[in-house]
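Build me a model from this:
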Amino acid sequence: MHADELKGKWTQFVGEVKRRWGKLTDDDLAVVAGDRDKLVGRLQERYGVEKDDAEREVNDFIEKL
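A predicted model of the protein is given here:
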């Protein structure tokens with residue numbers, strides 16, 4: 001799956017995102033709305049990880065979907 005597919009199917013994947021990253025709030029998920037870069041940014045904020053680590057996590061998540 002590509003990042004643009006994530007955006008198109010975001011509502012289907014919100015539950016998976018919540019399970020994987022429980023610190024993200026519903027407001028965070030509404031702001032992200034399937035945008036890969038915004039998801040990376042929110043992960044950086046909530047989990048205090050470096051951008052490269054957050055990008056790696058998001059890429060792994062997208063690949064497994």
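
use CA for all of it now, contacts and neighbours both
Noted.

can you list the weak-confidence ranges in this structure?
1-2 (pLDDT under 70).

rerun that using 80 as the cut-off
Within the chain, the segments meeting pLDDT under 80 span 1-5, 65.

centroid residue for it?
By CA atoms, centre = their mean, the chain has its centre lying nearest to Leu39, at 4.0 Å.

Not counting the strand or helix carrying it itself, show me its contacts.
Secondary structure assignment for Leu39, by DSSP states H and E: helix 36-47. If you take CA atoms under 8 Å, 6 or more residues apart in numbering as the criterion, helix 36-47 is touched by 3, 6-7, 21, 23-24, 28-29, 31-32, 49-51, 54-55, 58.

Among the residues you listed, which one has the most neighbours?
When neighbours are taken as other CA atoms under 10 Å, the top entry among those is Ala54 (21 neighbours).

Which residue comes closest to that residue once chain neighbours are left out?
The spatial neighbour of Ala54 that comes closest, neighbours along the chain excluded (CA to CA, 6 or more residues apart in numbering), is Val40 at 5.4 Å.

neighbours around that neighbour, how many?
For Val40, using other CA under 10 Å, the count is 22.

Asp53 versus that one, what's the distance?
Per CA to CA, to the nearest Å, Val40 is found 9 Å from Asp53.
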